[in-house]
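Trainee: What would the 3D arrangement of this be:
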Amino acid sequence: MTIIFYEDKNFQGRSYETSSDCPELTSHLSRCHSCRVESGNFMVYDRPNFMGNQYFMRRGEYSDYQSMMGMRECIRSCRMIPMHRGNYRMRIYERENFGGQMHEMMDDCDSIQERYRMSDCQSCNVMDGHWLMYEQPHFRGRQMYMRPGEYRSFKDMGMGMGGMGGTSGMRCMSMRRIMDNMSM
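Mentor: I've put the predicted structure just below:
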C-alpha cells in the first residue's frame with residue numbers, strides 16, 4: 001500500500017511517499033495539492049492528527065483533488081486502511097453512548113431511515129471490518145472512516161461533521177464496507 005503526495009497540482013513539486021499512517025504531512029511537505037495512490041486504500045484528512053473532514057482514496061491519480069473532491073483545505077494527515085478479509089459486523093445506535101434503537105449490520109446500508117426506520121445514528125460498535133459512514137443517504141456527503149472499536153459519540157471525534165451545522169456531531173445516514181473491489 002503506497003500513496004505519494006505532491007506539493008503542487010498535476011504531480012508537480014516536491015513529493016513524499018508513504019505506506020503507513022502520517023499524522024502531520026507538513027513535516028514532509030509545505031503543502032499538498034495532488035496525490036497518487038499506487039496501491040491500497042487511504043483516508044486523507046484536512047487537519048493534522050487524523051482530524052477534520054475525511055476523504056476516501058483508492059488506487060488512482062488525483063491531479064487536483066481539491067476541485068475533484070470539493071476539498072477546501074490541503075491534505076494534512078493520512079491513514080492507511082488495512083485490507084480486511086473476513087466477515088463485516090457493526091452495531092449502530094440511534095443515540096450517543098449506545099442508546100436508543102440498535103441494529104446489527106453485516107452489509108452495506110444505503111439508508112438507515114428506509115431500512116431500519118432510524119432518523120439518526122450517533123454511536124456504533126465496529127466488531128469486524130472497516131467501514132465508511134456518510135452524512136447522507138445513498139453514500140453521499142461527508143465521510144467518516146470507522147475501524148474496529150467502540151465509538152460512543154460521533155460529535156466528540158473531531159470530524160468536522162457537526163450535525164451539518166458544526167456543533168452537534170456527525171449525522172450518519174448510510175454506511176458501506178471498505179472492500180478490495182469497492183466501487184464508489
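
Trainee: what helices or strands is the helix or strand containing residue 150 leaning on?
Mentor: Residue 150 belongs to strand 149-151 when assigned by DSSP states H and E. Under the contact criterion of 3 or more Cβ pairs under 8 Å, 6 or more residues apart in numbering; DSSP states H and E, strand 149-151 touches strand 123-128. (Glycine included, C-beta is placed from N, CA and C.)

Trainee: What strands line up against the strand holding residue 150, and which way round?
Mentor: The strands beside strand 149-151 in its sheet (DSSP bridges) come out as strand 123-128 (antiparallel).

Trainee: Mean pLDDT per helix and strand in this protein: which one sits at the bottom?
Mentor: Lowest mean confidence among the helices and strands of the chain (mean pLDDT, DSSP states H and E): helix 65-69, at a mean of 65.

Trainee: could you point out which element follows it?
Mentor: Using DSSP H and E, the helix or strand that follows helix 65-69 in sequence is strand 77-81.

Trainee: tell me the average confidence for that following strand?
Mentor: Across strand 77-81, pLDDT averages out at 95.

Trainee: Could you tell me which residues make contact with residue 18?
Mentor: Residues near residue 18 by Cβ atoms under 8 Å, 6 or more residues apart in numbering: 2, 3, 5, 78, 80.

Trainee: Pretty sure residue 61 sits in a strand.
Mentor: Yes - judged by DSSP: H, G, I helix; E, B strand; the rest coil, residue 61 forms part of a strand.

Trainee: how close does it sit to residue 54?
Mentor: Computed with Cβ to Cβ, to the nearest Å, the distance linking residue 61 and residue 54 is 20 Å.

Trainee: ok, these two, which is more surrounded?
Mentor: residue 54 (23 against 14; other Cβ atoms under 10 Å).
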